[in-house]
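In: Pasting the sequence and the predicted coordinates here, then a few questions.
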Protein chains: 2
Amino acid sequence: MKSNSTRKPDLSAQIAQAIRDAIMSGQMIVDERLPSEAELADQFQVSRPTVREALKRLAAQSLIRTERGAFGGAFVNRLSYEEAYSQQITTSTLLLSMNTVSFATACEARYALERACTRLASERRTPDHLAAMRAETHRQAQPGLSDECFCASDVAFHRALVDATDNPVLRYQLAGAVEAMQPLMNMITFTARSREEIVRLHNRIADAIEAQDPETASATLSELETYTLELGQNVMAERAQKRDSA
Amino acid sequence: MKSNSTRKPDLSAQIAQAIRDAIMSGQMIVDERLPSEAELADQFQVSRPTVREALKRLAAQSLIRTERGAFGGAFVNRLSYEEAYSQQITTSTLLLSMNTVSFATACEARYALERACTRLASERRTPDHLAAMRAETHRQAQPGLSDECFCASDVAFHRALVDATDNPVLRYQLAGAVEAMQPLMNMITFTARSREEIVRLHNRIADAIEAQDPETASATLSELETYTLELGQNVMAERAQKRDSA
DNA sequence: TTACTTTTAATTGTCTGACATTTAAGTTGC
DNA sequence: GCAACTTAAATGTCAGACAATTAAAAGTAA
């Protein structure tokens, strides 16, 4: 009889959903104060701890913030760009690390998204953006660089490419691809890859962006995609072989 | 003296962060059971309600799930694709609706991302995908359709285009761009003439995808971007005028 | 033995009531 | 008028209790 999955969510979850709906439908505006915990407990006919659990759920999603003291309380929060950016990374990281998404699929998506940036980046790149990219390729070429630093620099290079579009929404949307997928790919391929080849391709991308040539930038990104995919497949094959012999 | 922003986070927030770190660093694996609330209260030297608030925070982020009964408890949750998708939409919607992101910026990002899908969609579109797109353009052409339904159909059309890439990661990453734009689009599609033009462009896009012609699809998306931007600016201008005269 | 029922123990869900802490506004003293 | 103190309102935290749920264990009958 019980509807299988979730017949009855917690009271705190129900209350959280009710308030969430009110906020997201625009019934409550930013910085508006919610009723006090005691008043909410009264309205929903539950105890204060239950209300508090609901409010903590909303706080975890950055939908509200709470302030202590007289005239404090819970307020509808304006989601800051930084919070959204960081949530985007968290969710993407979890999805990639815990779900069975194939390396090839993630790779394909990541480079497709990044190629979407080349036109705007070419049009708008400033000397600062170019300098940032050059700084990273230069760092990547240093022989003594640790694997961790090389990976961090790799991420920074791609972040600089996205930043060059000068579009915060695009930057936000690509956060998952750059900050979550790139490290994942680095983890898989760092044993097998040729730094030289990667630096060469990075330099070609930077050159193309500087020359305002989005086609070449996109084509080079595609080369990088092919190379990464190849490395990933080799590593996977090796791992499979080890498993068999073990 | 007080470091301005957040000198001392709540205990429940601290505990949530500690557990979050443990999960995201891989110290706890999927489906692993956390200690019971009583044990956690003991470990962290706090009361059970405080522990519960921390757990609710994590549950709100889908990091854990809880089961009741003996041998129940809190378990590290495998973030499902659907949960990630829905969180992506929630965060993007909030960012777009509550922050001062210009319509032009959002529009630019959305179409740049969508053009990133045309190549894969052209290669892989199935009859089902094509049928889905045609169904929506057909619906959009019906004269009696309400604004809400038109916009919902608009979103469905673009969703079908993304689905045609047959790449779940891409689909996830684009969820924000496609679904969260709906409220913004609601403002600009209310005249018959603009609907006509939009349907015309949608049909051209579907034609191009069917003909496996990504260049035409991309170009048409760019036309749609220009047109959408124009409509948006007109709406903004009208509103400004009304504000002045009022 | 097997299948069914009952009991039991562990755990989360919820409530009550209390106290501590923080903060802004009001009040008092000078 | 200004500084120090008081007060009130709110969140943060705690302790203890009971209800509800659930899987395992124990018991029971065929």
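Out: Received the coordinates, thanks. Residues are numbered from 1 along each chain as shown, chains lettered A, B, ... in the order given.
In: Tell me how far residue A:15 lies from DNA strand C.
Out: Per CB to the nearest atom of the strand, to the nearest Å, residue A:15 is found 9 Å from DNA strand C. To be clear about C-beta, it is placed using only N, CA and C from the backbone, and glycine gets the same treatment.
In: that's a helix at that residue, yeah?
Out: Yes. Looking at residue A:15 with DSSP: H, G, I helix; E, B strand; the rest coil, it is inside a helix.
In: Which helix or strand contains the nearest residue to it once chain neighbours are set aside?
Out: Nearest non-adjacent residue to residue A:15, counting by CB to CB, 6 or more residues apart in numbering or on different chains: residue A:54, 3.9 Å away. Secondary structure assigned from DSSP states H and E places residue A:54 in helix A:48-60.
In: returning to that earlier point: give me the number of residues near the residue nearest to residue A:15?
Out: 27 (other CB atoms under 10 Å in any protein chain shown).
In: repeat for residue A:134
Out: By other CB under 10 Å, neighbour count at residue A:134 equals 17.
In: so what's it scoring on pLDDT?
Out: In this model, residue A:134 is scored at 96, pLDDT.
In: these two touch, right, it and residue A:209?
Out: No. Residue A:134 is not in contact with residue A:209 according to CB atoms under 8 Å; the separation is 10.5 Å.
In: quick one: the lowest-mean-pLDDT helix or strand in chain A near chain B?
Out: Lowest mean confidence among the helices and strands of chain A (mean pLDDT, DSSP states H and E): helix A:182-189, at a mean of 78. No. Helix A:182-189 does not reach chain B (CB under 8 Å from any CB of the partner chain); its nearest approach is 11.0 Å.
In: Point out the other helices and strands that that helix packs with.
Out: Helix A:182-189 sits against helix A:103-115, helix A:147-163, helix A:214-245, with contacts defined as 3 or more CB pairs under 8 Å, 6 or more residues apart in numbering or on different chains; DSSP states H and E.
In: which one of the ones you listed lies closest to residue A:32?
Out: Residue A:32 sits nearest to helix A:147-163 of all the helices and strands packed on helix A:182-189, at 34.0 Å, using CB to CB.
In: Going by neighbour count, list what's buried in the closest one.
Out: Neighbour-count burial for helix A:147-163 flags A:150-163 (criterion: 16 or more other CB atoms under 10 Å in any protein chain shown).
In: likewise stretch A:217-228?
Out: Under the neighbour-count criterion of 16+ other CB under 10 Å, stretch A:217-228 has A:217, A:218, A:219, A:220, A:221, A:223, A:224, A:225, A:227, A:228 buried.
In: Distance check, the residue nearest to residue A:120 when sequence neighbours are not counted against residue A:58.
Out: Closest residue to residue A:120 apart from its sequence neighbours, by CB to CB, 6+ apart: residue A:165 at 3.9 Å. In this view, residue A:165 and residue A:58 are 33 Å apart by CB to CB, to the nearest Å.
In: Where does the residue in chain A positioned nearest to DNA strand C sit: helix, strand or coil?
Out: Closest residue of chain A to DNA strand C, CB to the nearest atom of the strand: residue A:69 (2.1 Å). Secondary structure, three-state DSSP: residue A:69 is coil.
In: For it, give me the backbone phi and psi.
Out: With angles defined as degrees, to the nearest 10, residue A:69 sits at phi 90, psi 170.
In: Contact partners for it?
Out: Counting by CB atoms under 8 Å, 6 or more residues apart in numbering or on different chains, residue A:69 touches no other residue.
In: And residue A:24, by the same measure?
Out: Neighbouring residues of residue A:24 by CB under 8 Å, 6+ apart: B:90, B:93, B:94.
In: How about the contacts made by residue A:114?
Out: Applying CB under 8 Å, 6+ apart, the residues near residue A:114 are A:158, A:161, A:162, A:174, A:177, A:178, A:221.
In: cool, residue A:213 as well?
Out: residue A:122.
In: do the same with residue A:18
Out: Residues in contact with residue A:18 (CB under 8 Å, 6+ apart) are residue A:44.
In: which element is it on?
Out: Secondary structure assigned from DSSP H and E places residue A:18 in helix A:11-24.
In: Pull out the buried positions in the helix or strand that that helix is followed by.
Out: Sequence-wise, the next helix or strand downstream of helix A:11-24 (DSSP H and E) is helix A:37-44. By 16+ other CB under 10 Å, the buried positions in helix A:37-44 come out as A:37, A:40, A:41, A:44.
In: Over to stretch A:227-236?
Out: So, applying 16+ other CB under 10 Å, buried residues of stretch A:227-236: A:227, A:228, A:229, A:231, A:232, A:235.
In: Thanks a lot, see you next time.
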